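Asker: Just the structure for this:
(one chain, ligands or ions: 2)
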Amino acid sequence: MAQPVDSKLPDIGTTIFTVMSKLAADCGAINLSQGYPDFAVPERLLERVIHHLRAGQNQYAPMAGIPELRQQIAVKTEHLYGRSTNPDTEVTVTSGATEALFSAIEAFIHPGHEVIVFDPAYDSYDPAIRLAGGKAIHIPLQTPGFGIDWQRVDDAINPATRMIILNTPHNPTGAVLTSDDLSMLADLVQNTDIILLGDEVYEHIIFDQQPHQSLLLRDDLASRSLAISSFGKTIHATGWKVGYCVAPENLTTEFRKVHQFVQFCVVAPMQYALADFLANEPEYVIELPKFYQRKRDRFCELLAPSRFTFKASAGTYFQLVDYSSISDEPDVDFARRLTREIGVAAIPVSVFYERPPPQQWLRFCFAKGESTLVAATERLCKI
Ligand code: PMP
Ligand code: GLN
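Answerer: Ligands and ions are numbered 1, 2, ... in the order given. Reported below is the predicted structural model:
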């Protein structure tokens, strides 16, 4: 008989992204569930990877990331958010945003601490908080716009509150924070020891000329924030798992204490290639919102004749849809049936809630080429 295991996460199964991508593969369905592009990374970037692989950049990189890449991240941060950062003491390259989020939570959350998260919340936050001995306080975003109810945040803050996790642009709803939100946040956290964890992986995927409201924009927020991003989203290479964390020196010092034992360092040739790419093509990230806005518009245009109802996403490469005029099945069941019978996989949104609301929502990923978008929406318009 197998030895009994005292699970630290007894209620946690395999993530919905793995479950739905596997189901899509098993059924031969078009996979609009897990978020990843189905088009190539820029050719110039691939050329730089090959160059650095052949040049021998195949050993451990420095623990905090190669200086060239940290420097480029500092340049980008200054250019986009007006914040000057010291690349040696305030920028850390991580193994994707997932590792950065985990390391940040482990570094600052002690047993008994509370962390405010907003539902629907990205699925890695709550388990990481619990593994650190903390407690996630789930506050639902307000419908229909998925804005933050700041009164509820104010009510939830107490001496045990150590962190607030903010995700903008927001996965899975596509909502974005406004500058008024940042002002409310600043008011609420002043005179507290609350640390802000900004999940800003979609910082460059934001539409309709809206500026991304980074925690790095304001001194009063940046001084207590860790801002996390991911090259997976920005350069269409989710499989490289290269992300980063920008934070003031006192927070970065603690962050690196964990990072060095979770990951130690990040894949070297990709870091060199990314540093070259950012240095040579600074306009790339400026163009990205337009690139993805065209995809969003195309997907919404193709889906418009269907019975799904939706409001076009303000950011991210996801579109939230309501399927209540098609079916009253629970979303997990409907997403499975859609994959098996219609041949399109999506993510059921209830899994991102502590207490799922009665709504019937699915999330589709539109980071796909024209032929995938056309084939998927043809199927979706038939039900
Ligand atoms: N946060 C959010 C909101 C995400 O959507 C993702 C991945 N799609 C991550 C974090 C993790 O990013 P990475 O793949 O770089 O680990
Ligand atoms: N963040 C991606 C999504 O939202 C998935 C990442 C993962 O599979 N861990 O689809």
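
Asker: The residue of the chain found nearest ligand 1 - nearest residue in space that isn't next to it in sequence?
Answerer: Using Cβ to the nearest ligand atom, the closest approach of the chain to ligand 1 is made by Gly96 at 2.7 Å. C-beta: built from backbone N, CA, C; applies to glycine. Once flanking residues are discounted, Gly96 sits nearest to Lys241: 3.8 Å by Cβ to Cβ, 6 or more residues apart in numbering.

Asker: Report the contact partners of the one you found.
Answerer: Contacts for Lys241 were tallied using Cβ atoms under 8 Å, 6 or more residues apart in numbering; they are 95-96, 98-99, 232, 266-267.

Asker: if you set the cut-off to 7 Å instead, what comes out?
Answerer: Listed by Cβ atoms under 7 Å, 6 or more residues apart in numbering, the contact set of Lys241 reads 95-96, 232.

Asker: any idea which of those residues is the one closest to Ala25?
Answerer: Gly232 (20.0 Å; Cβ to Cβ).

Asker: Tell me, what's the model's pLDDT at the closest one?
Answerer: On pLDDT, Gly232 comes in at 95.

Asker: That one in helix, strand or coil?
Answerer: For Gly232, the assignment made with DSSP: H, G, I helix; E, B strand; the rest coil gives helix.

Asker: and it, how many neighbours?
Answerer: 21 (other Cβ atoms under 10 Å).

Asker: thinking it is in contact with Trp240, fair?
Answerer: Yes - applying Cβ atoms under 7 Å, one finds Gly232 in contact with Trp240, separated by 6.3 Å.

Asker: Report how many residues lie close to Ser33.
Answerer: Ser33: 28 surrounding residues under other Cβ under 10 Å.

Asker: Same check on Thr14?
Answerer: 8.

Asker: So it lies in a helix, does it not?
Answerer: No - counting by three-state DSSP, Thr14 is not part of a helix but coil.

Asker: Phi, psi for it please.
Answerer: Dihedral pair for Thr14: phi -80, psi 140, per degrees, to the nearest 10.

Asker: Give me the distance between it and ligand 2.
Answerer: Look at Thr14 and ligand 2: by Cβ to the nearest ligand atom, to the nearest Å, they are 11 Å apart.

Asker: Look up the pLDDT of that residue for me, please.
Answerer: 96.

Asker: List of residues touching stretch 142-161?
Answerer: Stretch 142-161 is contacted by residues 112-114, 116, 118, 137, 139, 141, 170, 173, 175, 181, 184, 188, 192, 194 when judged by Cβ under 7 Å, 6+ apart.

Asker: ok, 8 Å please
Answerer: With contact meaning Cβ under 8 Å, 6+ apart, stretch 142-161 is reached by 112-116, 118, 135, 137, 139-141, 164, 170, 173-175, 177, 181, 184-185, 188, 192, 194, 311, 357, 359.

Asker: Any of the residues you listed buried? List them.
Answerer: When burial is judged by neighbour count using 16 or more other Cβ atoms under 10 Å, the buried members of those are 113-116, 118, 135, 137, 139-141, 164, 170, 173-175, 177, 181, 184-185, 188, 194, 311.

Asker: for the stretch 251-383 of the chain, what spans make up the helices?
Answerer: For the stretch 251-383 of the chain, the helices defined by DSSP state H, counting those that start in this stretch cover 268-280, 284-303, 331-337, 370-380.

Asker: Check the stretch 51-200 of the chain too.
Answerer: 67-81, 87-90, 96-108, 125-131, 150-156, 179-189.

Asker: List the neighbours of the first one that are in contact with it.
Answerer: Looking back up the chat, that one is helix 67-81. For helix 67-81, the surrounding residues in contact (Cβ under 8 Å, 6+ apart) are 64, 83-88, 90-93, 203, 212, 214, 216-217, 244, 246, 271-272, 274-276, 278-279, 282, 285.

Asker: Derive a PyMOL selection command for the buried subset of those residues.
Answerer: Command for PyMOL, covering only those of those found buried under the criterion 16+ other Cβ under 10 Å:
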select buried, resi 64+83+85+87+90+91+92+93+203+212+214+216+217+244+246+271+272+274+275+276+278+285
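
Asker: which secondary structure elements does the helix or strand of the chain with the lowest mean pLDDT contact?
Answerer: Least confident helix or strand, the chain: helix 231-234 with a mean of 94, by mean pLDDT, DSSP states H and E. Counting contacts by 3 or more Cβ pairs under 8 Å, 6 or more residues apart in numbering; DSSP states H and E, helix 231-234 packs against strand 243-246.

Asker: Let me see the confidence value for Pro4.
Answerer: According to the prediction, Pro4 has pLDDT 88.

Asker: Give me the secondary structure label for it.
Answerer: Assigned by three-state DSSP, the conformation of Pro4 is coil.

Asker: count of residues packed around it?
Answerer: Neighbours around Pro4, by other Cβ under 10 Å: 6.

Asker: ok, which residues in the stretch 101-250 of the chain are in contact with ligand 2?
Answerer: Where proximity means Cβ under 6 Å from any ligand atom, the interface of the stretch 101-250 of the chain facing ligand 2 comprises Asn171.

Asker: which stretches of the stretch 101-250 of the chain have low pLDDT?
Answerer: Residue ranges of the stretch 101-250 of the chain with pLDDT under 70: none are present.

Asker: what ranges do the strands span in it?
Answerer: Remark: strands assigned in the stretch 101-250 of the chain by DSSP state E, counting those that start in this stretch are 114-119, 135-140, 161-167, 195-199, 225-230, 243-246.

Asker: Verify the stated contact: Thr377 with Leu302.
Answerer: Yes - judged on Cβ atoms under 8 Å, Thr377 makes contact with Leu302 at a distance of 3.7 Å.
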